[in-house]
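Sequence below, structure please.
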Amino acid sequence: MQRFRATLAYNGTAYSGFQRQAGGAPTIQGALEAALRQITGQEIAVLGAGRTDAGVHASGQVIAFDVDWRHPASSLMLAMNANLPTDIALQDIAPAAPDFHPRYSARSRTYVYRFYQRPLRQPLWDNAMWHIHVALDGDVMQRAAALLVGQHDFATFGGPMYPGGSTIRRVMRSELAFAGEQGAYTITADAFLQRMVRAIMGTLAAVGRGAMTLEAFEAAFRAADRGLSAPPAPSRGLTLVAVDY
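Numbers count the residues shown, from 1 in each chain. Okay, here's the model as predicted:
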């Protein structure tokens, strides 16, 4: 058996997240394992670096799996992409050390949340961006985002994966960029809480449209109280873009 590591891209619109679920809901992990079963006849468990939620996309998800494969890695990638749905595709693949784990070996992950601000919807953008009907104050949003850099308790913006888990995380990058009607929020951290990026983005948008002051944002953040964040931004704007090791 050989362990392989691969970079994966997908449009998450039609899926109930990355992780396989009971009840047969379509997931990215399920589609990957079905393709491997079709190609190899083996029952193979796929590991992922990030358990992206329903509707969340990826351009740099990292996966790993063990398989009995006696051909070049490149031929496995071609076979996988030929058997995967058209909204999922491997971007690269290579043999990995037996102890490589895409989640536990990771040093950081980077997500980008994309949105656009205009009175009317733009249907060509809607699957990958959040439509915000009003103009946002990008300067005050950036000042709020900068407060998140460092090691903090992020309980205001999400819960741990497991009961009793820590809500302390270290954020290395938290910044916004604007280009005309479109905007993007980029955040890099050592790990993320459940729905953390969407909760941050929803609260930053509240600051940007004047529904929350910068001072109120900081107070809510420091309080580590989940009830003080704004409603989370929709999943369609979120993309896992990189995992660093």
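
Need the three-state assignment for residue 29.
Each residue gets one of three states, and residue 29 gets helix by DSSP: H, G, I helix; E, B strand; the rest coil.

again with residue 143
Under three-state DSSP, the three-state class of residue 143 is helix.

Same check on residue 210?
On the three-state scheme (three-state DSSP), residue 210 is labelled coil.

I'd say it and residue 137 touch.
Yes - between residue 210 and residue 137 a contact is recorded at 7.1 Å, counting by Cβ atoms under 8 Å. For the C-beta atoms, the positions are set from N, CA and C on the backbone; glycine is no exception.

neighbour count winner among these two?
More crowded of residue 210 and residue 137, by other Cβ atoms under 10 Å: residue 137, with 14 against 11.

gap between that one and residue 245?
In this structure, residue 137 and residue 245 are separated by 37 Å, where distance is defined by Cβ to Cβ, to the nearest Å.

before we move on, what about residue 47?
With distances taken as Cβ to Cβ, residue 47 is found 14 Å from residue 245.

Neighbour count: these two, which is higher?
When neighbours are counted by other Cβ under 10 Å, residue 47 comes out ahead of the other of residue 47 and residue 245, with 17 against 11.

contacting residues for the residue nearest to that one when sequence neighbours are not counted?
The shortest distance from residue 47 to any non-neighbouring residue, by Cβ to Cβ, 6 or more residues apart in numbering, is to residue 64 (4.8 Å). Taking Cβ atoms under 8 Å, 6 or more residues apart in numbering as the definition of contact, the neighbours of residue 64 are 3, 4, 5, 6, 46, 47, 96, 100, 101, 102.

Just the buried residues of those.
Burial of the contacts of residue 64 was assessed by neighbour count (16 or more other Cβ atoms under 10 Å); the buried members are 3, 4, 5, 6, 46, 47, 96, 100, 102.
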